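Colleague: requesting a structural model of the entry that follows:
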Amino acid sequence: MIALRTVPVRVQGSRPVREWATFDDPDGKRQWQVDVTFLASAWRCIYGCGCQGVLTAPTPERVEGCCSYGAHFTSEEDAERVEAAAAQLTGAEWQHLGAGRRRGVVARAAGGSRRTRLVGGACVFLNRPGFAAGPGCALHLLALRQARNPMLTKPDVCWQLPLRNTQRAEADGTTTCILSEFSREDWGEGGAEFAWWCTEAPEAFTATQPVYRSLEVELRAMVGDALYETIAAYLDGRRDGTSGVAPHPAEGPVS
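Modeller: I've put the predicted structure just below:
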């Protein structure tokens, strides 16, 4: 049994604005600090149906979503998996196949990190409005054609977003994994310039299921099946109980 350890609440004045719960991992060497407020919220991706993009002005007509700056790879394995997927794409699925084949799909970003190459001001895999298959990710289309989950073809950050897992080394030799939402601050200095970001936009909090159910597949991949079941059971109990969960700031004021 994975045990719940603590339920800290961060407050602003007298209003709770973010609630966390900490769970032990089955491996015994780490614990997970989980953003209960976001996982219990009604956030959903509204790409193509209200998403304003992440440029310095709202640009819904570009249908770029959060693909304007390319996807930074989390590891060499991540980059290799995406390169292998790119080799399987067809021209019917990938608008920028020619550029991707000529120049490759991986580029160096500032600071030496690697990301997907940019073409025309956005990710090389992003099909634009007017393309026969419609706007959106070519790697997603590949997954659909192959009847696979898109997380098997897309960069890690793309299928995880807006979930974010960071790690903190503790003095006792254990590790704390912090599972939270990806905020504009997590993009670095450029995030402050975004005209819009989905996890702070009320129009993105309109799902009929909480995040921990709508993103179940992604969460299982990130935390493992056993821990996911424990987190889901805990959140089910909180949502069915009398105390409820601290509402997400984008969902409205706390009563």
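Colleague: for the lengthiest strand in the chain, packing partners?
Modeller: Identified as the longest strand of the chain according to DSSP state E is strand 15-24. Judged by 3 or more C-beta pairs under 8 Å, 6 or more residues apart in numbering; DSSP states H and E, strand 15-24 is in contact with strand 4-6, strand 9-12, strand 30-35, helix 36-39, helix 225-240. C-beta coordinates here come from the backbone N, C-alpha and C atoms, glycine included.
Colleague: repeat that for 6 Å
Modeller: Taking 3 or more C-beta pairs under 6 Å, 6 or more residues apart in numbering; DSSP states H and E as contact, the helices and strands that strand 15-24 lies on are strand 4-6, strand 9-12, strand 30-35, helix 36-39.
Colleague: OK, contacts around the spatially most central residue of the chain?
Modeller: Note on the chain: the residue nearest the mean C-alpha position is residue 161, at 0.9 Å, using C-alpha atoms, centre = their mean. Shown in contact with residue 161 (C-beta atoms under 6 Å, 6 or more residues apart in numbering): residue 182.
Colleague: and the helices in the stretch 1-150 of the chain?
Modeller: 36-39, 76-86, 97-103, 138-145 (DSSP state H, counting those that start in this stretch).
Colleague: residues contacting the third one, please?
Modeller: Applying C-beta under 6 Å, 6+ apart, the contact partners of helix 97-103 are 91, 119, 124.
Colleague: OK, contacts around the closest residue to residue 141 other than its chain neighbours?
Modeller: Spatial nearest neighbour of residue 141, chain neighbours left out: residue 93 (4.3 Å); criterion: C-beta to C-beta, 6 or more residues apart in numbering. Applying C-beta under 6 Å, 6+ apart to residue 93 gives the contacts 138, 141, 142.
Colleague: again, 8 Å this time
Modeller: For residue 93, the contact set (C-beta atoms under 8 Å, 6 or more residues apart in numbering) comprises 133, 138, 141, 142, 145.
Colleague: give the burial count for the last one, as a bare number.
Modeller: Looking back up the chat, that one is residue 145. Counted with other C-beta atoms under 10 Å, the neighbours of residue 145 add up to 14.
Colleague: just give the closest residue to it, not the sequence neighbours.
Modeller: residue 93 is the one closest to residue 145 (C-beta to C-beta, 6+ apart), at 7.0 Å.
Colleague: tell me how far that neighbour lies from residue 117.
Modeller: When C-beta to C-beta, to the nearest Å is the yardstick, residue 93 and residue 117 sit 17 Å from each other.
Colleague: now swap in residue 90 and tell me
Modeller: According to C-beta to C-beta, residue 90 stands 19 Å off from residue 117.
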